[in-house]
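[1] give the three-dimensional model of this entry:
(chains A, B and C)
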Amino acid sequence: MFNIDALNPEQQQAVSTVRGPVLILAGAGTGKTRVITCRIVHMIERGISPGKILAVTFTNKAAKEMQERVNEMLPRRSRRDSDGEAPERPTVCTFHSLCVRILRQHIEKLGYKRNFVIYDESDQIGAIKKILSSIHEGKVKSDPHAILGLLSRFRGGGSRASVFEDAEARALAEHVLSRYQSALHACNAVDFDDLILLVLRLFKEHPEALEACRERFRYVMVDEYQDTNAAQFELVHALTRDSRNLCVVGDDDQSIYGWRGAEVANLLDLEKHFPEVKVVKLEQNYRSTNVILKAANGVIRNNARRRGKQLWSSKGEGEKILLQCFDTDEEESKTVAQNIEDDRLVRRIPWGDQAILFRTNIQSRLLESALRQSKIRYQLIGGQSFFDRREIRDFLAYLKTFLNPHDDVALLRIANTPARGLSDVTMERLLAASQERRSSVFTAMRHTDVQERFQARTVEAIRSFIAFIEETRAILESKDPVCLGNWAEDWLRSIDYRAELTRSEKTPEASEARWRNVWELLDDLDDPDGIAAVARPVEASAPTPTTDEVVLAPAPATPLPPPRRRLTRNPSERLAEFLGQLSLDQERAEDKETGDQVTLITMHAAKGLEFRHVQIVGVEDGLLPHSRSKLEGTLDEERRLFYVAITRAQRTLRISHCGGRKRYGQVLPCHPSPFLKELPPECVEDAETAGINPVSSEAGTDWFAAMRAAIE
DNA sequence: AATTGCTAAGTTTTT
DNA sequence: CTTAGCAATT
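    As a prediction, the model looks like this:
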């Protein structure tokens, strides 16, 4: 239940327009998530069957949050209908998990096996490297990352693919791509782009599958629509071309992911495909002061192609934006730290209310050391993810190999980790043999005529490796309800992976930490909802459900696969599901926001977040806009990035730039960002002209040290 | 198999 | 300047 009168008039309009195409232009902080969730609930209250509603987001975090908010708002009675059946729930998920659900049902029609695996970036890099090494065309730039980026752009289509109008580049791309795709297909693997593209192919080749999906999803909503790429648009368009019930929510001014294929044009030119679209602008901001919003408006209006918006708020003017200029980046970092400490002691602002935003990750270094010196607690968002760690990658590669030994990338990763006599040379030769025979490496290893090419000792190593894989696999296939945690513990011990970690790490602490990471994952193996449960410990304290509901209630009903029956599913299915969830939910842990700490974050990663007090550092020409953006002609996107950064602030905003910055070892002169001139002068207070000179650092620290001593 | 030394690059990142 | 990746060496 919800009260529509609690929404502002524009929000009400957005919520109550249920039929036909709708574009909700939701400026920063205008209550976007609230509008989407209310719209879903409103549709259900108007009698639309919940099962017919689909809402897609980009991140798992957003999907989870929306799912929860919808569940909270839906009346209890809809938990069970007259038949005693579990009522259908709206489908709220990411683009990619939607495609996984569709593919798990239909992928056999496309020549893949139902238990396909999803390759993440490092798996992709592995596959690319494999191909490049077999081509070894030395003259071509052979940076696997660059190649992968090109392929993704090529496949994603859209304006960025125009690079490939050059016939030669196109031919090369097509060649590498076809090798790449057959390599993945041979491993029964798909990558993130494939998830979308294969569904499009399915729709094209099997119209009945498309028809079923159209019937299933009569009402479609898309969040962060400005971030969709060409393929994602095609998907959405395929679903809604007939029903016309498409509601997209987004903000062209916050489109900052063009470099990875997002097409703002999808939002700007929506009328091309949906001429009857009804446009609703949300301009009332519930986050920031008017000074901050005026600054944001002033900056963004310099962009040419956009649907105009003017953010306003009822929160009053607020403090002016403080503009600080420093001689060097070192001084900048020190003063930022000191600002935070001043705020804490003088204005009682907790660390947790402060965020420092920067353009590039490398800038965090100096900031971190300044904060450490001032004994300020902080959390750095981003950086190396849990899944990029070696031990986690190894562990997952083992799991993938047990599930599907024909997954070459996984198998090659773990074949000699820990060392078991399958040296690089051996694996190299096995790989070549597999390519000759057009089979997987595992299959090649099993053939005696391949084995004959090796020395007796190596053959022995190959055989015992095969035996190890098959024996461990056999346990998975058994009918007993094996505890996956114990199972994994057993084989980890049998290969003595812990010793491997001890050997490769300099300090015992480091290897201990890595081992702990693995153990952390072990705990989740048998957790039915995998990571989701980790992220939502709150749900554990919910009232004890009845026996019936144990099966029905917890899992947000996923409509496409058959209903989950945990106890009867065999271990290998459970493992497959675990891996599937993991590869779709890379965003993990780290975020144990325990206690009071300052947030260090890139402007990109800050999108969607808000902080009471924000400092944007390094607002210099060459950093923001980044020097590379001039070459690529993406100044607009850089300006939007600045706009996103500004609109993160609720109460106060400080912006700083330096006259010199240490880069590649030497201090290079820097100039203020041209964007700074676009800030309306009446919103800004210059630290120097206002006489708020940064306190000389020595005097400052002494004074505050004394003060702290007095307080504590 | 592990260590050392050289070279080259050096934005933004989710699924 | 730093670091990651790779090749050559012990």
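[2] can we go C-alpha only for contacts and neighbour counts from here?
    OK.
[3] so, low pLDDT: which residues of the stretch 151-300 of chain A?
    Scanning the stretch 151-300 of chain A for pLDDT under 70 picks out A:157-169.
[4] how far does stretch A:604-616 sit from the chain's center?
    A distance of 17 Å separates the centroid of the chain from that of stretch A:604-616, by Cα atoms, centre = their mean, to the nearest Å.
[5] nearest to DNA strand C: which residue in the stretch 601-712 of chain A?
    The stretch 601-712 of chain A approaches DNA strand C most closely through A:Gly665 (2.9 Å), counting by Cα to the nearest atom of the strand.
[6] number of residues surrounding A:Tyr257?
    Here the neighbour count serves as a burial measure; for A:Tyr257 (other Cα atoms under 10 Å) it reads 17.
[7] nearest residue to A:Ala295 other than its sequence neighbours?
    Across the structure, with Cα to Cα, 6 or more residues apart in numbering as the measure, the residue nearest A:Ala295 apart from its sequence neighbours is A:Leu679 (5.2 Å).
[8] let me redo that: A:Leu98
    Of all residues beyond its chain neighbours, the one nearest A:Leu98 is A:Val56 (7.9 Å), with distances taken as Cα to Cα, 6+ apart.
[9] and the helix or strand encompassing that neighbour, anywhere near DNA strand B?
    Secondary structure assignment for A:Val56, by DSSP states H and E: strand A:53-57. No. Legend: contact between strand A:53-57 and DNA strand B by Cα under 7 Å from any atom of the strand is lacking; minimum distance shown is 8.4 Å.
[10] give me the sheet partners of that strand and which way each runs.
    Looking at strand A:53-57 with DSSP bridges, its paired strands and their directions are strand A:91-94 (parallel), strand A:219-222 (parallel).
[11] tabulate those in CSV, adding columns for distance to A:Asp407.
    Rendered in CSV, the data for the strands paired with strand A:53-57 read as follows (distance: least, Cα to Cα, whole Å):
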stretch, distance to A:Asp407
strand A:91-94, 25
strand A:219-222, 34
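[12] need the three-state assignment for A:Leu322.
    Taken by DSSP: H, G, I helix; E, B strand; the rest coil, the conformation at A:Leu322 corresponds to strand.
[13] any idea how far the residue nearest to A:Leu270 when sequence neighbours are not counted is from DNA strand B?
    Excluding its sequence neighbours, the residue lying closest to A:Leu270 (Cα to Cα, 6+ apart) is A:Val277, at 7.8 Å. As defined by Cα to the nearest atom of the strand, to the nearest Å, A:Val277 lies at a distance of 27 Å from DNA strand B.
[14] wait, doesn't A:Val277 sit right on A:Val22?
    Yes. Contact between A:Val277 and A:Val22 holds when scored by Cα atoms under 8 Å: they sit 5.3 Å apart.
[15] so for the two, which sits in the more crowded spot?
    More neighbours surround A:Val22 than the other of A:Val277 and A:Val22, with 23 against 17 (other Cα under 10 Å).
[16] now the strand holding A:Val56, how far from the centre of its chain.
    With Cα atoms, centre = their mean as the basis, the distance from the averaged C-alpha position of strand A:53-57 to the chain average is 17 Å.
[17] show the subsequent helix or strand relative to it.
    helix A:60-73.
[18] neighbouring contacts of that next one?
    A:1-2, A:33, A:37-38, A:40-41, A:56-57, A:92-94, A:556, A:584-585, A:587 (Cα atoms under 8 Å, 6 or more residues apart in numbering).
[19] among the strands paired with strand A:53-57, which is nearest DNA strand B?
    Among the strands paired with strand A:53-57, strand A:91-94 comes nearest to DNA strand B, with 5.8 Å by Cα to the nearest atom of the strand.
[20] by how many degrees do the following helix or strand past that closest one and helix A:60-73 diverge?
    Moving toward the C-terminus from strand A:91-94, the first helix or strand encountered (DSSP H and E) is helix A:95-106. Per axes from the mean of the first three to the mean of the last three Cα atoms, to 10 degrees, the angle that helix A:95-106 makes with helix A:60-73 is 80 degrees.
[21] what's helix A:95-106 packed up against?
    In terms of contact count using 3 or more Cα pairs under 8 Å, 6 or more residues apart in numbering; DSSP states H and E, helix A:95-106 is assigned the packing partners strand A:53-57, helix A:192-205.
[22] in that helix, which residues are buried?
    Taking 16 or more other Cα atoms under 10 Å as the basis for neighbour counts, the residues of helix A:95-106 that come out buried are A:Phe95, A:His96, A:Ser97, A:Leu98, A:Cys99, A:Val100, A:Arg101, A:Ile102, A:Leu103, A:Arg104, A:His106.
[23] what's the answer for stretch A:8-18, then?
    Of the residues in stretch A:8-18, those scored as buried under the neighbour-count criterion (16+ other Cα under 10 Å) are A:Glu10, A:Gln11, A:Gln12, A:Gln13, A:Ala14, A:Val15, A:Ser16, A:Thr17, A:Val18.
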